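[1] Task: produce atomic coordinates for the following.
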Amino acid sequence: MSIEVTERAVEEIRKAAGKRPSLPKGLRVGIRTGGCTGFSYLFEWSDAEALAEDKVLELGGGQVRVFIDPKSFLFLDGSTLDYASGMMARGFKWTNPNVKETCGCGESVRF
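    Numbering: from 1, shown residues only. This next block holds a predicted model:
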């Protein structure tokens, strides 16, 4: 299986990276413990190269790199990362078939 990142999400990652004082080596995405239902999604810039064990997605003709640690990959495998913008919310959104429950605020998940 794999993780899909939509064109819209790739473009938003590229634009956000360009607003930083220095370009990051990549965007680290993953799962961390916490939140109402046990886990929340992680998004953070990485100014260091990916670790040897990371999955690395090269997107947008190599302009965007996404790093995923092996443990997080187990929870994200089969997912799609998109960027949504609407009247009520704007930001990155996971469509994750592994999720069993989400909290009311939409910030945390249970697997």
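
[2] Let me see the contact set for the residue positioned nearest the centre of the chain.
    To find the centre residue of the chain, average its C-alpha atoms and take the closest one (C-alpha atoms, centre = their mean): that gives residue 29, at 3.9 Å. Applying C-beta atoms under 8 Å, 6 or more residues apart in numbering to residue 29 gives the contacts 41, 42, 43, 66, 67, 68, 72, 76, 81. In short, each C-beta sits where N, CA and C put it, glycine included.

[3] who does it bridge with?
    Taking DSSP bridges, one obtains residue 43, residue 68 as the residues bridged to residue 29.

[4] From residue 15, how far out is it?
    Between residue 29 and residue 15 the computed distance is 17 Å (C-beta to C-beta, to the nearest Å).

[5] the strands in the chain, which residues?
    Along the chain, the stretches classed as strands by DSSP state E are 4-5, 26-33, 39-46, 55-59, 64-68, 80-85, 90-95, 101-102, 108-110.

[6] Tell me which of those sits nearest to residue 20.
    Ranking the strands of the chain by distance to residue 20, with C-beta to C-beta as the measure, places strand 39-46 first at 6.7 Å.

[7] Give me the angle between that closest one and strand 64-68.
    Computed with axes from the mean of the first three to the mean of the last three C-alpha atoms, to 10 degrees, the direction of strand 39-46 lies at 130 degrees from that of strand 64-68.

[8] May I see the buried residues of strand 39-46?
    For strand 39-46, the buried set under the neighbour-count rule, 16 or more other C-beta atoms under 10 Å, comprises 39, 40, 41, 46.

[9] correct me, but residue 5 touches residue 83?
    No - the pair formed by residue 5 and residue 83 falls short of the contact definition of C-beta atoms under 8 Å, at 9.4 Å.

[10] Those two: which has the busier surroundings?
    Counted by other C-beta atoms under 10 Å, residue 5 and residue 83 do not tie: residue 5 has more neighbours, with 22 against 19.

[11] any idea of the pLDDT on that one?
    Confidence per residue is given as pLDDT, and for residue 5 that number is 97.
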